[in-house]
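A.B. asks: Can you look at this prediction? I've put the sequence above it.
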Amino acid sequence: MNLYEIDNAILECVDQETGEIIDTDKLTSLQMARDEKIENIGAWIKNLLSDAEQLKAEKTKLADRQSAAERKAASLKNYLTTALDGEKFNSPRVAIGWRKSAQLHIIDIDKLPKKYLKFEAPTADKTGIKKAIEAGENIEGAEIVRINNIQIK
């Protein structure tokens, strides 16, 4: 039985007109089953959150290793670029060649025409706005909404 079915079965144990309990034994067993179901779901949530935390930590470790490998590869590319100075290299395991490309360098951003500049869209300082509202300031366009967040420990 799921929680919805248990709750409906509990309602069937009570006379809806008088509020009198029809079947006390069934009501007690249903209440125990409901408590057990809620406890099991809470434990499952704790396990899932623990798994997610461990996966996040592993993801961070892998991202750090990826970043270190990419930095090392870039450093080695720079080393080979300096060492080969445009010379081609071929062996059975690797072939190193060159291709031409064009790269733009901005000398003075203040002298560029405005049509070539990008301006970021404004973002709200949520922390500052929340502190201001809690301090009694009236800020149009923002409000603090109180919500209930489930806590499972």
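C.D. replies: Yep, that arrived.

A.B. asks: for this protein, what spans make up the strands?
C.D. replies: Listed in chain order, the strands of the chain (DSSP state E) span 89-90, 95-96.

A.B. asks: Within the sheet, what are the partner strands of the last one, with directions?
C.D. replies: Each strand that strand 95-96 pairs with, and the sense of that pairing, follows from DSSP bridges: strand 89-90 (antiparallel).

A.B. asks: So which helix or strand of the chain has the lowest pLDDT on average?
C.D. replies: Confidence across the helices and strands of the chain bottoms out at helix 3-12, with a mean of 83, counting by mean pLDDT, DSSP states H and E.

A.B. asks: any idea which helix is longest in this protein?
C.D. replies: Ranked by residue count, the top helix of the chain under DSSP state H comes out as helix 24-84.

A.B. asks: Spatially central residue in this structure, please.
C.D. replies: Computing the C-alpha centroid of the chain and ranking residues by Cα atoms, centre = their mean puts residue 56 first, at 9.4 Å.

A.B. asks: Nothing else from me, thank you.
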